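1. the sequence and its predicted three-dimensional model are supplied below.
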Amino acid sequence: MKKAVLFLTLLLIMVSSIVAGTLAMYTVSIDKLAEGSVVAKEFIFVGEGTDTFQQGIKIAPSETVAWQFKVKNYENHVISETAMYYKLTFNVLASGGKQAIEPLTVTVKDPNGQILNRVTGVGTFDVLDAFPLSANGQEKGYVVEIHWPDDDADINYAGSHYGTTVNVDAIASQVPFSGTNPPQPKQINVKYETTVPWQNGHSGIYKYDYKVTITNNSAEPIEDWTIAFNLADDKLTSAWNAILVSGSPQGSYTFVNPAYNNPATDHILPGQSVSFGGHAQGMGTTAINNISIGGSNTSLITNIDLTCEFGKPSLN
């Protein structure tokens, strides 16, 4: 099987390199949905190569499980030197020697919870996206959600004769795939990160640390910046390097610059970033949404690219 996958991968790289300038192809196999653990994975498109891993997910009727992965156009200090187009192909099929768990629904979402595509039972679908040419490394996050609805027919899929495999093929190219528009850079990038939650010994409440990084991709500074967003489930309780001016109605937050009288912290200069963070209550696995950024010299900005990373060991 590994030889066959490797041969197919190399063949696609050679053909695509001639026709479309492909830079990389990677394959993900998610097998044995009845056992294993959920881990994160990154696809890094900076040069030719292959990458394969298996991921097991434990699931039962009426349950929903999810795992995350990212697509990046940089590794360490190496950044792709062209605009980057990529296609993620999700092939949901029966595991080898087994019958598929027909009720399963596989859904791919962005970090905001927007559904990009889905299939129930078995089938194949694509997700297309791109990175615009930029001197800064970029990344985009995806969530794969697998749902087994509660149904009287669930008993029909009990035992070891049933299993579903999700294969994810990722291909990157220097020219657009069919159906992909030329990438347009977002004016602002916002990154929301959380740590692994811990439980307070007295109250039993789960807590975590969070960090928000705002990057200005435009040619103009954002002076005296502010940011507003919504966050369901969790509660942000403090802030440093910013001032939390509103946390109500519940789940609606507004932060303003720290007013240090320092352009590096109070303004977001072109091509530069500012970060702030604090403590929070909850599990730290919910994405922020409805983001808007303002400044004393600019109108409200909503053209924002969001990246979320949950459950990190620490925040740098």
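-> Perfect, thanks for sending it.
2. could you list the domains of this structure?
-> The record's domain split for the chain, according to automatic domain parsing, is 2-13+20-173, 188-312.
3. residue boundaries of the helices in the stretch 201-316 of the chain?
-> Here the stretch 201-316 of the chain has its helices, by DSSP state H, counting those that start in this stretch, at 263-266.
4. show me where it has its strands.
-> 206-216, 226-230, 235-236, 243-246, 252-256, 273-281, 289-295, 298-301, 304-312 (DSSP state E, counting those that start in this stretch).
5. tell me the centre residue of this protein?
-> Gly141 (1.5 Å; Cα atoms, centre = their mean).
6. not counting sequence-adjacent ones, nearest residue to that one?
-> Of all residues not flanking Gly141 in the chain, Pro111 sits nearest, at 4.7 Å (Cβ to Cβ, 6 or more residues apart in numbering). From N, CA and C alone the C-beta is placed, and that goes for glycine too.
7. also Phe255?
-> Once flanking residues are discounted, Phe255 sits nearest to Ala242: 4.4 Å by Cβ to Cβ, 6+ apart.
8. contact partners of stretch 285-302?
-> Contacting residues not belonging to stretch 285-302 are listed as 111-113, 187-188, 190, 192, 194, 212, 214, 220-234, 267-268, 304, 306, 308, 310-311 [Cβ atoms under 8 Å, 6 or more residues apart in numbering].
9. on the strand side of things, show who the closest residue to Gln272 other than its chain neighbours bridges to.
-> Spatial nearest neighbour of Gln272, chain neighbours left out: Asn216 (6.1 Å); criterion: Cβ to Cβ, 6+ apart. Under DSSP bridges, the beta-bridge partners of Asn216 are Ile188.
10. and for Asn216, the neighbour number?
-> By the criterion of other Cβ atoms under 10 Å, Asn216 has 23 neighbours.
11. want to throw the strands of the stretch 201-316 of the chain into a markdown table with mean pLDDT and distance to Asp126?
-> What follows is those, written out as a markdown table (pLDDT from 0 to 100; distance: least, Cβ to Cβ, whole Å):
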| stretch | mean pLDDT | distance to Asp126 |
| --- | --- | --- |
| strand 206-216 | 95 | 28 |
| strand 226-230 | 96 | 30 |
| strand 235-236 | 94 | 36 |
| strand 243-246 | 91 | 41 |
| strand 252-256 | 96 | 35 |
| strand 273-281 | 96 | 32 |
| strand 289-295 | 93 | 25 |
| strand 298-301 | 91 | 30 |
| strand 304-312 | 84 | 21 |
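12. I'd like those written out as JSON lines, with distance to Val175 added.
-> Converted to JSON lines, these look like this (distance: least, Cβ to Cβ, whole Å):
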{"stretch": "strand 206-216", "distance to Val175": "27"}
{"stretch": "strand 226-230", "distance to Val175": "35"}
{"stretch": "strand 235-236", "distance to Val175": "42"}
{"stretch": "strand 243-246", "distance to Val175": "45"}
{"stretch": "strand 252-256", "distance to Val175": "40"}
{"stretch": "strand 273-281", "distance to Val175": "30"}
{"stretch": "strand 289-295", "distance to Val175": "31"}
{"stretch": "strand 298-301", "distance to Val175": "30"}
{"stretch": "strand 304-312", "distance to Val175": "22"}
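13. which among the ones you listed is found nearest to Val127?
-> Closest to Val127 of the strands of the stretch 201-316 of the chain is strand 304-312 (Cβ to Cβ; 15.8 Å).
14. right, I'll leave it there.
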